[in-house]
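Asker: I'll drop the sequence and a predicted model, then ask my questions.
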Amino acid sequence: MGGRFDRLAVLLVTFRNEDLKRTPPSRERARQIVLEETVQYFKTVSYGKELLSGEIFPPADKGDWYTLPMDIPVDSDGRCKSFFDGGQLDAVRDLAIEAADPDVDFSRFGRLILIYPN
């Protein structure tokens, strides 16, 4: 039986109120974490049956991040709150897809990963 192959669309996103005091991962570090370490992890734990590849967006010539038209939730110390707490995860996903749509043919990807400063 052959393995399962899936492609990842990795979107680097930030928010309109984000001043980037938190150091976001660089494009290269995001690539390394997702497209090397995570891919290798899934290949290992699935005994070679879960095979992943992907791409980082936005394209390098279009900037480092997509800025979403919403505020990132922060606590009184300026730390990022979880989007799970406020039920905003669907909105974040939808805005990220809308921002990336001109650059990404989503039909080519089976999974979506969002990376944002935390």
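Answerer: Looks like it arrived, so ask away.
Asker: quick one: the helices in this structure?
Answerer: 27-30, 39-45, 89-100 (DSSP state H).
Asker: who touches stretch 49-58?
Answerer: 1, 3-12, 27, 30-31, 34-35, 38-39, 42-43, 64-66, 100, 103-104, 109, 111, 113 (CB atoms under 8 Å, 6 or more residues apart in numbering). For every residue, glycine as well, the C-beta is placed using N, CA and C.
Asker: filter those to the buried ones?
Answerer: With neighbours counted by 16 or more other CB atoms under 10 Å, those contain buried members at 8-12, 27, 30-31, 34-35, 38-39, 42, 65-66, 100, 104, 109, 113.
Asker: Compute the number of surrounding residues for residue 13.
Answerer: The tally of other residues near residue 13 (other CB atoms under 10 Å) stands at 23.
Asker: Quick one, grab the pLDDT at it.
Answerer: For residue 13, the pLDDT comes out at 90.
Asker: for this structure, longest strand please?
Answerer: The longest strand of the chain (DSSP state E) is strand 4-15.
Asker: Hey, what's the angle from that strand to helix 89-100? Just curious.
Answerer: Calculated by axes from the mean of the first three to the mean of the last three CA atoms, to 10 degrees, strand 4-15 forms an angle of 90 degrees with helix 89-100.
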